[in-house]
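Visitor: Next input, structure requested:
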Amino acid sequence: MNTVYKDLKFRHELKFMINRHQYYILCQRLKNLIQHDKHAGRNGEYHIRSLYFDDVDSSALSEKLGGFRDRRKYRIRIYNGDDQIIHFEKKIKVGDHIAKLKEPLTREMYDSIIRGDYEVLHQPDKPFMMELYREMKHNLLRPKVIVDYVREPYVCKNGNVRITFDKELRTGLHATDIFDRSIQPVPALDDHLIILEVKYDEYLPEYIRTALQMDGLRHQSASKYVICCKYLKMNSWEDQ
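Guide: Predicted coordinates for the structure are as follows:
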């Protein structure tokens, strides 16, 4: 295994596509069992915007569509449109488990990357930064699509459980600057559909597992990156 992965903690991740009716029922159950994430606003939500990257062969997209069990995705992520917290992340999937690598970026570093100046990533004391630098230089890792949504998060200490409802999934179409205020993201998914994600360490407490049981609720693939890429491709065809 890559030495960068040596100390990574892998977690279980389950994804579900649910409708508004299912969302309301599940929320009512969970509110009596677990807490909102402390980072959520007064309404229990926060906004996430990510800029996903892919290489010259669109490997991340192809591997997901091809059903590869071991995959990776690179993205820059911000919260609530703020530039005080910017992270370059790598999401790693090995079988049914996921892990994440991330490094903070300053706004100046982000702006340099968007301009195509990748030397800011050349930091020999930081293995993940050097990995990004090599990907940019040799595999032509480049910005592909903006993914934009509202997240309602819940957490539970038992099992280190994190449950999120991701709503209003939108994409910035051909835009590749997450701080561009002129961007008007368009819906990439029916607003009646919500992506439910359940992450946990070694076990999922039985009372949470029971609360999540519902007729028609089936574990399925629900990649926001793929959904937005498909929308982008479809929109490009319609423009021709």
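
Visitor: which residues in the chain form strands?
Guide: 11-19, 35-36, 46-54, 70-79, 82-94, 97-105, 142-156, 161-171, 186-187, 193-200 (DSSP state E).

Visitor: and those strands as TSV, adding distance to Leu121?
Guide: For every residue, glycine as well, the C-beta is placed using N, CA and C. Shown next, in TSV, are the strands of the chain (distance: least, Cβ to Cβ, whole Å):
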stretch	distance to Leu121
strand 11-19	26
strand 35-36	35
strand 46-54	12
strand 70-79	11
strand 82-94	8
strand 97-105	9
strand 142-156	13
strand 161-171	25
strand 186-187	31
strand 193-200	28
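
Visitor: Would you mind giving those as a markdown table with mean pLDDT, mean neighbour count and distance to Glu135 added?
Guide: Output for the strands of the chain, formatted as a markdown table (pLDDT from 0 to 100; neighbours: other Cβ atoms under 10 Å; distance: least, Cβ to Cβ, whole Å):
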| stretch | mean pLDDT | mean neighbour count | distance to Glu135 |
| --- | --- | --- | --- |
| strand 11-19 | 93 | 17 | 23 |
| strand 35-36 | 90 | 14 | 36 |
| strand 46-54 | 96 | 20 | 8 |
| strand 70-79 | 94 | 18 | 7 |
| strand 82-94 | 95 | 16 | 9 |
| strand 97-105 | 95 | 16 | 12 |
| strand 142-156 | 96 | 21 | 10 |
| strand 161-171 | 96 | 21 | 23 |
| strand 186-187 | 93 | 13 | 29 |
| strand 193-200 | 95 | 20 | 25 |
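
Visitor: out of these, nearest to Pro124?
Guide: With Cβ to Cβ, the closest approach to Pro124 among the strands of the chain belongs to strand 97-105: 13.5 Å.

Visitor: elements contacting the closest one?
Guide: strand 11-19, strand 82-94, helix 127-138 (3 or more Cβ pairs under 8 Å, 6 or more residues apart in numbering; DSSP states H and E).

Visitor: Report the strands that pair with the first one, each with its relative direction.
Guide: Pointing back at strand 11-19 there. Sheet pairing of strand 11-19 (DSSP bridges) gives strand 97-105 (antiparallel), strand 193-200 (antiparallel).

Visitor: before we move on, what about the second one?
Guide: If you go by DSSP bridges, strand 82-94 pairs up with strand 70-79 (antiparallel), strand 97-105 (antiparallel).

Visitor: quick check: angle from it to helix 127-138?
Guide: Interaxial angle of strand 82-94 relative to helix 127-138 (axes from the mean of the first three to the mean of the last three Cα atoms, to 10 degrees): 90 degrees.
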